[in-house]
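K.L.:
Model the following, please.
(2 chains)
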2 protein chains.
Amino acid sequence: MIEQDRLLSALRSEARQAPVSGIVDVFNYGRHREGLIPLWVGEGDLPTPAFIVEAANASLAAGETFYTYQRGLPPLREALAGYIGRIYGRPVSPERFFITNGGMHALQIAVRMVAGTGDEVILPTPAWPNFAGAIGIAGARTVEVPMTFTDHGWLLDMERIAAAITPATKAIVINSPSNPTSWMASREDIATVLAFARKHGLWIIADEIYGRFVYEGEAVAPSFREVMEADDRILFVQTFSKNWAMTGWRIGWLEADPRLGQVIENLVQYSSSGTAAFMQRAALAALEQGEPFFAEQYERARHNRAIVSQGLAATNRVRFAPAQGAFYLFFSVDGVTDTDSFARVLVDEAAVGLAPGGTFGAGGEGFFRLCFARNSRDLEEATTRLATALRRIAG
Amino acid sequence: MIEQDRLLSALRSEARQAPVSGIVDVFNYGRHREGLIPLWVGEGDLPTPAFIVEAANASLAAGETFYTYQRGLPPLREALAGYIGRIYGRPVSPERFFITNGGMHALQIAVRMVAGTGDEVILPTPAWPNFAGAIGIAGARTVEVPMTFTDHGWLLDMERIAAAITPATKAIVINSPSNPTSWMASREDIATVLAFARKHGLWIIADEIYGRFVYEGEAVAPSFREVMEADDRILFVQTFSKNWAMTGWRIGWLEADPRLGQVIENLVQYSSSGTAAFMQRAALAALEQGEPFFAEQYERARHNRAIVSQGLAATNRVRFAPAQGAFYLFFSVDGVTDTDSFARVLVDEAAVGLAPGGTFGAGGEGFFRLCFARNSRDLEEATTRLATALRRIAG
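P.N.:
You can find the predicted model right below:
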């Protein structure tokens, strides 16, 4: 029916065919439901902490409301270099950092840099649907490589990746720790992907935004930055959203070789023309004063992960791999295949909002994503409600 | 040399070939020059007024820092409908309005909707360079149609437009009042372009952001909304930047038929994932309380227009058409052809920043753009400095 509309059919097909976000869809379904515990979106329940808001207010009061640097404020780029250098234990140049209107904008620019009409981009799935959205709008084709679910963890089969590479392949997206599966690439996985990229001249779009939400082993997830060398084709997309409760701000960054700086500056100019200076001052405060806040968020996520995992496992009606990183539990429910419908049932019957797995691409069908970056009381209550509903409805 | 770099040459050509903004270029050249009067960028010297900043502060204090509606806050969309309805004297539906991260973001989405690889977009020039930038990044080809300069005004030759239409043409951009020429489309121009669009199935991307900065005749410039009918293919790109001194905020809107709403929502989702709610509250305050501020800005621009026009005309070394709308004087200097270099000379010799005309495309060579949306003292001083320098250097 949509296709028959005269105006719609006059649109460019890439735009017309951009998929509706399945998350937004169920989110809109239950947005106003009273008492609902919303665990469908990748954000917590805390507003941005005051010290960050105050930095924005101070900047506004100082009149920082004019056009600013397309690459970002120099002090913010310096601070990012210091931050990333500290977290990963290796120095990095401020010239590698480009401020964007959110991680999504960074992703849009990264895709635009490397893929367009006629190109293919490899995407291990289940994956955040916005990867495929951005790739499709750029005119390129997303080649999904489904990961394998086991009770011990999700596996990225490197032979499948290798088999998916064609002469049209321009890039591969690696999101680790993963939204939605919480899979974390091993050092071996990363080395293998990098070897493929070098061999076939592919770009790697590395989304390591959950790199500090890791529940076993080291403080940060294995990163491409540990093994990359000059001339490696790696673009890092990043955000301030998750670590510092800034989801609604829309500020993030792209990290890339400084030789790509002018191109990135141009792509910023012709997409958003930069990020508000007062937002950047807030982001600077997050980097400079945000460690205690992040530490609390991390501890809460770790605690909630146990609550949810144990509570749902006890129902004997779900299957999931332990979350290695990020802050999602990605689980299937015995007997449930239509997760779009069942997510609505859970809105109505359990007053809990989950994201249906089909929206995350091949391999996600039959699963639900639950975000546990929230207060523990809510997570306990949501777990109880879900367990009750699952015992009643499912199986 | 750039082409030989291994990393750069691995980029998608549309991205690699995106032009450097000539405005940013000279802006960076003189950014830190003491005492310089910057008239190169399309922004004034006033920070955003306090009542707008306070609305953002209040929203932040209320914790509006979460993800929000991809189409924009309902009250802001309502207010926009009321505002546009009031200004143009005809009712309009809130469902037509989609909030974006600035007018540039609105333009990016509009282009993305209608043109991509293999398509052509007609652009009368001289024009804001970001039109061609956005078109090129989308993979489409910009077909420049140079306007004709006369001392009485710039003329858009409709026969040239007609001659530029090919089977690949998908859209035509009309920016009226124009940045940089201050040309204002007549009602006849608008009717003719609409007739072309209907006949050939073209989209019109209408940039009427300077529609209230008009110096002769009516209070608003002639608009496509006066003559459009259902099924006309018109996308309006708009911004809060110019009327309310909000250039650095990056908030604007796209106005389109509501049938295109889901597509626009998807394109927002996969490019920026929305605009911060606290920014939208600020924009709402601008619409609700911003008329006195706008009126002052308008009066100042009108006054400055006279200062600059008379001051430069008196040198007998410049040529320009009277500014019909917007807030730019677009003038040529006798004997000067390399405006990129001469703009730098004027930075050094007159401490005045102008945008070189070549950056605005065919027909702009030999011209300079001067923004007169600034305090009148600065405009008087800048005019004196320019007149002195022109008498000394040029001709």
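
K.L.:
pLDDT weak spots in the stretch 1-150 of chain A?
P.N.:
Along the stretch 1-150 of chain A, the parts satisfying pLDDT under 70 run over A:1-4.

K.L.:
Let me see the domain layout of chain A.
P.N.:
Chain A breaks down by automatic domain parsing into domains covering A:2-48+A:292-389, A:50-289.

K.L.:
A strand includes residue A:329, no?
P.N.:
Yes - the assignment for residue A:329 is a strand, going by DSSP: H, G, I helix; E, B strand; the rest coil.

K.L.:
Run a quick neighbour tally on the closest residue to it other than its chain neighbours.
P.N.:
Once flanking residues are discounted, residue A:329 sits nearest to residue A:370: 4.6 Å by Cβ to Cβ, 6 or more residues apart in numbering or on different chains. Placement of C-beta: from N, CA and C, glycine included. Residue A:370 is flanked by 28 other residues according to other Cβ atoms under 10 Å in any protein chain shown.

K.L.:
Just want the phi and psi numbers for residue A:370.
P.N.:
phi -120, psi 120 (degrees, to the nearest 10).

K.L.:
same deal with residue A:27?
P.N.:
Backbone geometry at residue A:27, expressed as degrees, to the nearest 10, gives phi -60, psi -50.

K.L.:
so where does the closest residue to residue A:256 other than its chain neighbours fall, helix or strand?
P.N.:
In this structure, residue A:256 finds its nearest non-sequential neighbour in residue A:235, 5.1 Å apart by Cβ to Cβ, 6+ apart. Using DSSP states H and E, residue A:235 sits within strand A:234-239.

K.L.:
which outside residues touch the next helix or strand after that strand?
P.N.:
Next in sequence after strand A:234-239, counting helices and strands by DSSP H and E, comes strand A:252-255. Residues outside strand A:252-255 that contact it (Cβ atoms under 8 Å, 6 or more residues apart in numbering or on different chains) are A:72, A:80, A:84, A:96-106, A:109-110, A:235-241, A:264.

K.L.:
Parallel or antiparallel, list what pairs with the strand holding residue A:235.
P.N.:
strand A:203-207 (parallel), strand A:252-255 (antiparallel) (DSSP bridges).

K.L.:
got the buried residues for the next helix or strand after the last one?
P.N.:
Using DSSP H and E, the next helix or strand after strand A:252-255 towards the C-terminus is helix A:261-269. By neighbour count, with 16 or more other Cβ atoms under 10 Å in any protein chain shown as the criterion, the buried positions of helix A:261-269 are A:261, A:263, A:264, A:265, A:266, A:267, A:268, A:269.

K.L.:
Among these, which one sits closest to chain B?
P.N.:
When the buried residues of helix A:261-269 are ranked by distance to chain B (Cβ to the nearest Cβ), residue A:266 comes first, at 4.0 Å.

K.L.:
what's the distance between the closest one and residue A:71?
P.N.:
Distance from residue A:266 to residue A:71, counting by Cβ to Cβ, to the nearest Å: 11 Å.

K.L.:
ditto for residue A:219
P.N.:
Counting by Cβ to Cβ - residue A:219 and residue A:71 are separated by 29 Å.

K.L.:
Tell me which of these two has more neighbours.
P.N.:
Between residue A:219 and residue A:71, counted using other Cβ under 10 Å, the more crowded position is residue A:71 (24 against 11).

K.L.:
The more buried one against residue A:99, yeah?
P.N.:
Yes - if you go by Cβ atoms under 8 Å, residue A:71 and residue A:99 touch, sitting 6.9 Å apart.

K.L.:
between these two, what contacts are shared?
P.N.:
Among the neighbours of residue A:71, those also in contact with residue A:99 (Cβ under 8 Å, 6+ apart) are residue A:77.

K.L.:
how about stretch A:231-248: buried residues?
P.N.:
Across stretch A:231-248, burial judged by 16+ other Cβ under 10 Å covers A:232-248.

K.L.:
Same question for stretch A:187-201.
P.N.:
A:189, A:190, A:192, A:193, A:194, A:196, A:197.

K.L.:
Adding distance to chain B and pLDDT, write these out as CSV.
P.N.:
Putting these into CSV (distance: Cβ to the nearest Cβ, whole Å; pLDDT from 0 to 100) gives the following:
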residue, distance to chain B, pLDDT
A:189, 23, 98
A:190, 20, 98
A:192, 20, 98
A:193, 17, 98
A:194, 15, 98
A:196, 15, 98
A:197, 11, 98
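
K.L.:
of all those residues, which comes closest to residue B:137?
P.N.:
The closest of the buried residues of stretch A:187-201 to residue B:137 turns out to be residue A:197 (Cβ to Cβ; 24.1 Å).

K.L.:
Which residues does stretch A:291-310 contact?
P.N.:
Outside stretch A:291-310, the residues that reach it (Cβ under 8 Å, 6+ apart) are A:44, A:46, A:49, A:212-213, A:215, A:243-245, A:320, A:322-323, A:327, A:329, A:370, A:372-376, A:379-380, A:382-383.

K.L.:
Pull out the buried members of those residues.
P.N.:
A:44, A:46, A:49, A:212-213, A:215, A:243-245, A:320, A:323, A:327, A:329, A:370, A:372-374, A:379, A:382-383.
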